[in-house]
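Q: quick one: sequence plus predicted model below, questions after.
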Amino acid sequence: MIERTPILNLMTHLILASGLVIILLPVWLAIVASTLTLQEVNSAPVELWPGDQFWPNLKEAWAQSDFGPKFVNSFIVAVGVVVGKVTLACITAFALVFFNFRGRMLIFWAIFITLMLPLEVRIVPTYAVAANALSPFQTIMDWTGISWLLNRLSGVEVSLQWNLLNSYTGLILPLVATATGTFLYRQFFLTIPDELVEAARMDGAGPLRFLWDVLIPLSKTNIAALATIMFVYAWNQYLWPLLVITDRANYGVVVVQLSDLVPDQLTTGGGTPTWHLAMAATLVVMLPPIAVVIFMQRWFVRGLINTDK
Amino acid sequence: MAEIAIRNVAKTYGKTTIMEGVNLTIRNGEFVVILGPSGCGKSTLLRLIAGLEEITAGEIAIAGQVVNDLEPRERGCAMVFQNYALYPHMTVAENIGYALKVAGVPRAERQARVAATATSVGLSDFLDRKPGQLSGGQRQRVAMARAIIREPKVFLFDEPLSNLDAKLRVQMRHEIRRIHTQIKATSVFVTHDQHEGMTLADRLVVMNKGTIEQVGTPDEIYDRPASLYVAGFIGSPAMSFLPGRVDAARQALVLDQGAALPLPRALVQAAAGRLVQAGLRPETLSLTAPGMGQIDARVDFIEELGAERLYHLLVEDLPLSVLSSEKQRPAEGSPIGVAVPLGAVHLFDADTGRRIEPQAAEASVRAMA
């Protein structure tokens, strides 16, 4: 139902423009605030034009939050999540779509249901597992009496320990273990014609060869889409790093550091709120995800639309 | 080069039986066409040979080796698919050479063989294109080249021409035949198009509902269809059937509607007194003035075919077609006569649907000699 009259055109443009203003205004205010001095940023009415203090503000915020190593940490985590997620999602979907095994649908639905349980919902058990990644096995062994048996037979007390707190592994793994990408890949793999699979079999390609030579090249756009989404998702993580990393000096990530710059009772101790620093830092922290989105846009839009070539 | 032996093969999916008791031997270097309507199990049979489906019962041997448990790649078969199944992200050269790459053939040799194969199917100018940039016929050639390059013992074709337009189909038919005479690999070609079957086959296999109805050269199958089903399926325009009874005293087939068709003596002896279906090929009949032929009919409608006309007649309520190059145009509904030559009648048992052969033929020939 596409109607085109001058009045409707005008109306739709007005709606679009107001939406744009609503979205951009806070960003503009952040940019302006980051360029002002402490006095200017706290003066009323709100300043609407940028000043010249951006670089000094940024320098101060950077030093205060120790952003250098924290950016490196954030990159390690984001890239780790992207690589882990893309790999895991790809091979899971590969198994689910191209192999016929018992309980295939059950497993698919089990994975699918976890979409309804984001990290924030299951954060307590996830933390428990991160504190000792082997604790589920320990529990199973205790319940089934295996550890008791081992203790009686060999005198060894079974106590499995694998602490993931304060480590990159602990930061990355729980973010990797989600269903988002698996579903995206599955839907794409389902569109691959059976004949293509059979042609590869006739050509003598085994499953892994087929995955590598045919599926992965064909799903390039999906990989780009998933990588973009996961990079932004991992970069923006706040709650999980806050919880799992107590050794902030070595493993802190930028988003958590940024929250420390936001003025409140703790950071300024009741002094004048340092919004100019917080905003300058915000702008820098925002940059990598924006850069990735802009850079990958060409591919990932295609991947999400999933057009037929 | 290999003989394919299919022994008592059955295929079931859960409780649904797709095919049962299929026996067929395909000789070395032979071009066999499996013909049948969709859903008759012909593609399944092909996929069983290829190893893309598992055999439920029976066995298949290629070149004397039972291949039931072998992977497709170990069977030495190459397959051309209906929708070509080219790898969309690879160039034509990569598509053709992929099997060699998987097999670990060195790059230089691979390129030489790809170039040679591409030339033999007329693709040498398109090696750097992607399948998406090719026409249907060119894609089909790539699919063929991909199969040829492996120098397979057995060539399998799964309705490879059904996506092409009519003209290209005829052209590719010749191409396939030419390639077959060139490389002489045992070939199995599945189709539902009888023209394809008739023109390509050394031997035709007609399938129906998961069983083989008849195996024979195109000639044999056209001249002596083994069953009502084959008779109705092979031949275009299709055979017409009229029920009747063989009357030994009159040396004729008396149709239910009253007309009497004289039969050769040997055939009368074989079928005396039996209830039969008489099969009449439209091209063997001719039109006469009303009352002058063996059968009296009415004109239902007429199809213009250019060189000929196909007259759709009604014998009481039963359809009877006559193909004739005489350009008459009798009015629809008007009465007309049909002349049936002596040898033109095919008889099929009314109960079993099997062909009734003039069994006494040899005896009478001997008697005459």
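A: Sure, I can see it.

Q: which one is residue B:351 nearest to, not counting chain neighbours?
A: Counting by CB to CB, 6 or more residues apart in numbering or on different chains, residue B:351 lies nearest to residue B:275, which is 7.3 Å off, once chain neighbours are set aside. Using the backbone N, CA and C atoms, a C-beta is placed for each residue, glycine as well.

Q: for the one you found, the count of nearby residues, please.
A: A count of nearby residues for residue B:275, using other CB atoms under 10 Å in any protein chain shown, gives 13.

Q: next: residue A:154.
A: When neighbours are counted by other CB under 10 Å, residue A:154 comes out with 9.

Q: what's stretch A:169-176 in contact with?
A: Here stretch A:169-176 makes contact (CB atoms under 8 Å, 6 or more residues apart in numbering or on different chains) with A:77, A:80-81, A:84-85, A:88, A:119, A:126, A:129-130, A:164, A:233-234, A:237, A:240-241, A:244-245, A:251, A:253.

Q: contact residues of the stretch 1-150 of chain A facing chain B?
A: Taking CB under 8 Å from any CB of the partner chain, no part of the stretch 1-150 of chain A reaches chain B.

Q: quick one: buried residues of stretch B:219-231?
A: If you call a residue buried by 16 or more other CB atoms under 10 Å in any protein chain shown, then stretch B:219-231 has these buried ones: B:221, B:222, B:225, B:226, B:227, B:228, B:229, B:230, B:231.

Q: with stretch A:202-215 instead?
A: Counting neighbours by 16+ other CB under 10 Å, the buried set in stretch A:202-215 is A:202, A:203, A:204, A:205, A:210, A:211, A:213, A:214, A:215.

Q: so it, near chain B or not?
A: Yes: under the criterion of CB under 8 Å from any CB, stretch A:202-215 makes contact with chain B via A:202, A:203, A:204, A:205, A:209, A:213, A:214.

Q: returning to what we had before: among the contacts of stretch A:169-176, which are in helices?
A: Per DSSP state H, helices hold the following members of these: A:77, A:80-81, A:84-85, A:88, A:126, A:129-130, A:233-234, A:240-241, A:244, A:251.

Q: wait, which of those is closest to residue B:342?
A: Proximity of those to residue B:342 (CB to CB) peaks at residue A:88, which lies at 77.6 Å.

Q: pretty sure the closest one is touching residue A:181, no?
A: Yes: in this structure, residue A:88 is within contact of residue A:181 by CB atoms under 8 Å, at 7.3 Å.

Q: more neighbours: which of these two?
A: residue A:181 (26 against 16).

Q: circling back to that earlier point, closest to residue B:36 out of the residues of stretch A:202-215 next to chain B?
A: Among the residues of stretch A:202-215 next to chain B, residue A:202 lies closest to residue B:36 (CB to CB), at 22.5 Å.

Q: residue ranges with poor pLDDT in the chain?
A: Chain wasn't specified; assuming chain A. A:1-2, A:265-271, A:302-309 (pLDDT under 70).

Q: you looked at the wrong chain, it should be chain B
A: Along chain B, segments meeting pLDDT under 70 span B:1, B:359-369.

Q: how far out from the middle of the chain is the helix ranked longest in it?
A: Assignment by DSSP H gives helix B:166-183 as the longest helix of chain B. In this view, helix B:166-183 has its centroid 16 Å away from the chain centroid, taken as CA atoms, centre = their mean, to the nearest Å.

Q: so after that helix, what's the next helix or strand?
A: Next in sequence after helix B:166-183, counting helices and strands by DSSP states H and E, comes strand B:186-191.

Q: check whether that following strand comes near chain A.
A: No: counting by CB under 8 Å from any CB, no contacts exist between strand B:186-191 and chain A, the nearest distance being 13.6 Å.

Q: centre of the chain to stretch B:288-302, how far?
A: Counting by CA atoms, centre = their mean, stretch B:288-302 is centred 32 Å from the centre of its parent chain.

Q: identify the residues contacting it?
A: Around stretch B:288-302, the neighbours that count as contacts under CB under 8 Å, 6+ apart are B:242, B:255, B:259-262, B:286-287, B:309-315, B:319-320, B:329-340.

Q: swap the cut-off to 6 Å and go again
A: Stretch B:288-302 is contacted from outside by B:259, B:261, B:309, B:311-315, B:320, B:330, B:332, B:334-340, using CB atoms under 6 Å, 6 or more residues apart in numbering or on different chains.

Q: near chain A, which residues of the stretch 51-200 of chain B are found?
A: Contact residues, the stretch 51-200 of chain B versus chain A (CB under 6 Å from any CB of the partner chain): B:52, B:72-73, B:79, B:81, B:83, B:85, B:87-89, B:98-99, B:102.

Q: wait, is residue B:337 part of a strand?
A: Yes: Residue B:337 forms part of a strand when assessed by DSSP: H, G, I helix; E, B strand; the rest coil.

Q: the closest residue to it other than its chain neighbours: neighbouring residues, count only.
A: The shortest distance from residue B:337 to any non-neighbouring residue, by CB to CB, 6+ apart, is to residue B:293 (3.2 Å). Neighbour count for residue B:293, taken as other CB under 10 Å: 19.

Q: same question for residue B:39.
A: For residue B:39, the tally of surrounding residues (other CB under 10 Å) stands at 13.

Q: picking up where we left off before, check the secondary structure at the residue nearest to residue B:337 for me.
A: Residue B:293 - assigned by three-state DSSP - is coil.

Q: phi, psi of it?
A: Dihedral pair for residue B:293: phi -100, psi -180, per degrees, to the nearest 10.

Q: residue B:38 now?
A: Backbone geometry at residue B:38, expressed as degrees, to the nearest 10, gives phi -60, psi 140.

Q: residues contacting it?
A: Applying CB under 6 Å, 6+ apart, we find residue B:38 in contact with residue B:192.

Q: relative to residue A:200, how far out is the residue in the stretch 1-150 of chain A that chain B sits nearest to?
A: When scored by CB to the nearest CB, the stretch 1-150 of chain A has residue A:100 as its residue closest to chain B, at 11.1 Å. Distance, residue A:100 to residue A:200, using CB to CB, to the nearest Å: 16 Å.

Q: got the residue ranges for the helices in chain B?
A: B:42-50, B:92-102, B:107-120, B:136-148, B:166-183, B:194-200, B:218-223, B:228-233, B:265-271, B:361-368.
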